[in-house]
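**Student:** okay, predicted coordinates and the sequence, questions at the end:
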Amino acid sequence: SSGSTQSTGEQAHQVLQENRTLIKEQQMNQARWQELIEERNNEVLRIRAICSNMEEQNTALAKRCTKLEDKNEELREAYNSIATQADDFVPVAAHLSSIEGYKTALEELRKRYEDNLHDKKEEIEGLEGTMGQLSERVEGLEEENALLHGRSKGLQ
């Protein structure tokens with residue numbers, strides 16, 4: 001009876017030992033599960049932040065796309081307007097030849113101005129010479145006048 005009790009005691013001890021081992025394993029598994037849940041929650045938060053950021057970028061890109069589409073439409077309208085008016089435009093060659101005509105006319109005007117300026121300078125130099133001669137004559141006449149005036153006083 002004592003041998004069978006001992007074996008029952010041993011069995012009980014073995015069952016307790018197994019229970020303790022199972023409890024430790026369960027606690028370790030529970031801690032690991034808790035770690036995994038935290039990692040998963042952190043990953044979910046990270047993914048949500050990425051998604052939020054991507055949504056903001058998508059909104060900004062959608063706005064930019066709309067602006068670009070509007071600008072593209074403006075450019076298309078401007079191009080069409082230019083294309084429809086193209087027939088009314090004077091060809092570039094005509095512009096260039098009229099510019100050449102203006103250049104030639106401008107050169108002629110410049111040459112006439114310079115010739116005119118030269119002629120006026122010569123005229124001014126001639127007038128200065130005449131003025132010098134006239135000044136000398138006036139001085140001579142004034143001296144003559146003074147002499148005559150002196151004589152007329154002497155006669156009186």
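**Tutor:** Arrived safely, thanks for sending.
**Student:** okay, now Gln26: neighbour count?
**Tutor:** 10 (other Cβ atoms under 10 Å). Every C-beta, even on glycine, is put in place using the N, C-alpha and C of the backbone.
**Student:** secondary structure class for Arg151?
**Tutor:** helix (DSSP: H, G, I helix; E, B strand; the rest coil).
**Student:** state the pLDDT value of it.
**Tutor:** Listed pLDDT for Arg151 reads 83.
**Student:** I'd like the distance between it and Ala31.
**Tutor:** From Arg151 across to Ala31, the span is 149 Å (Cβ to Cβ, to the nearest Å).
**Student:** then Val92?
**Tutor:** 84 Å.
**Student:** do Glu125 as well
**Tutor:** 117 Å.
**Student:** report pLDDT for Ala93.
**Tutor:** pLDDT, Ala93: 77.
**Student:** and the host helix or strand of Leu96, how far from the chain's centre?
**Tutor:** Assigned by DSSP states H and E, Leu96 belongs to helix 92-155. Relative to the mean C-alpha coordinate of its chain, helix 92-155 is positioned 56 Å out (Cα atoms, centre = their mean, to the nearest Å).
**Student:** packing partners of that helix?
**Tutor:** Helices and strands touching helix 92-155, by 3 or more Cβ pairs under 8 Å, 6 or more residues apart in numbering; DSSP states H and E: there are none.
**Student:** any low-confidence regions in the chain?
**Tutor:** Low-confidence segments of the chain, defined by pLDDT under 70: 1-5, 87-90, 156.
**Student:** state which helix of it is the longest.
**Tutor:** helix 2-85 (DSSP state H).
**Student:** how far does that helix sit from the chain's center?
**Tutor:** 44 Å.
**Student:** now for that helix, which elements pack on it?
**Tutor:** Helix 2-85 packs on no helix or strand, going by 3+ Cβ pairs under 8 Å, 6+ apart.
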